[in-house]
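S.K.: just a sequence and a predicted model for now, questions to come.
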Amino acid sequence: MSAPNAGEWLDAFVAATDELATTTLGLEKSALSRNGDRMPTGRPGAYIGFVSEAASLQIGLLSTPEGCQSIAKALLGMAPTDEHLSDADLADALGEVVNIVAGSMKTHLAEKDPSIQLGLPFFVHGHIQTKSDMERAVADGTVGGLPISLIVLRQPHQ
Amino acid sequence: MKVLIVDDSKAMRMIVMRTLRQAGFAGLDLEEAANGNEALAKIQASAPDLILSDWNMPEKSGLELLEALKAAGSTVKFGFVTSESTPAMKQKATDAGALFLITKPFTPDTFKETLGPYLS
């Protein structure tokens, strides 16, 4: 059985995001499609790492600043018009969103690679610089009408 | 009844507390801890009846917390509320003495069904 490639990770990412959006977050179904390996620029977002015997990975769920606020508020059961969350609370809530999504991905992909281990989430306001030998897979679109980019950065182990 | 909620995410601790209320568990004395080390200190200080713990946390994980409690002879009721639910993790949790493993995202119905025997 071969370890999942970046595209398979992205497919699992899209499916897990859609599931969380339409259940816990109470948002409309997502409309996300693969967009090659073009990295989005200027979007903040939450990331989480995986490591397995085959590769190290980072996945990121990115949106506009307003989109990040809306997703975090949805998780917390707040109305979109409620006062904006502080940077710390935004990072915490969006980190938990990506943590839940990543847990679902791990459960799904463990059939192909039981060695997958999940890390802890973190939030990035700026640009992520990737290495040239990293596999990249990107999906762009909307979740509940909010602009979303999902990225997978996979570094195969030598 | 005292319930200690252990999660490094403040948002998730709030969601767990909200879901307990939505599941109909009223009148609970709820406490929070952000990692296993903080939880150990609170357990010694306040002797909770039930611990709901995340698995992945900085400093001391949920599994390490449970193992530390068992090694110290604690019989406190302990269950995981975590984003991961592979068969291997469920087995590890059971082997370590966890009573249940609730997977995020969860619903009030899940809480009612799983926690009812311990909080009624």
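M.R.: It's in.

S.K.: what bits of chain A have low per-residue confidence?
M.R.: For chain A, the stretches flagged by pLDDT under 70 are A:1.

S.K.: what does it have sitting close to chain B?
M.R.: Residues of chain A lying close to chain B (CB under 8 Å from any CB of the partner chain) are A:20, A:23-24, A:72, A:75-77, A:89, A:92-93, A:95-96, A:99-100, A:102-104, A:106-107, A:110, A:114, A:118-120. From N, CA and C alone the C-beta is placed, and that goes for glycine too.

S.K.: just the buried members of those?
M.R.: By neighbour count, with 16 or more other CB atoms under 10 Å in any protein chain shown, these hold A:20, A:24, A:72, A:75-76, A:89, A:92-93, A:95-96, A:99-100, A:102-104, A:106-107, A:110, A:118-119 as buried.

S.K.: if we ignore the residues flanking it in sequence, what's nearest the residue of chain A at minimum distance from chain B?
M.R.: Here the residue of chain A nearest chain B is residue A:103; by CB to the nearest CB that distance is 2.6 Å. In this structure, residue A:103 finds its nearest non-sequential neighbour in residue B:83, 2.6 Å apart by CB to CB, 6 or more residues apart in numbering or on different chains.

S.K.: check residue A:45 too.
M.R.: In this structure, residue A:45 finds its nearest non-sequential neighbour in residue A:62, 3.2 Å apart by CB to CB, 6+ apart.

S.K.: find the nearest non-adjacent residue to the spatially most central residue of chain A, please.
M.R.: Per CA atoms, centre = their mean, the C-alpha nearest to the average position across chain A is that of residue A:61, at 3.2 Å. Spatial nearest neighbour of residue A:61, chain neighbours left out: residue A:98 (4.9 Å); criterion: CB to CB, 6+ apart.

S.K.: and residue A:65, by the same measure?
M.R.: In this structure, residue A:65 finds its nearest non-sequential neighbour in residue A:44, 6.1 Å apart by CB to CB, 6+ apart.

S.K.: against residue A:33, how distant is the one you found?
M.R.: Per CB to CB, to the nearest Å, residue A:44 is found 22 Å from residue A:33.

S.K.: which one's more surrounded, these two?
M.R.: residue A:44 (19 against 10; other CB atoms under 10 Å in any protein chain shown).
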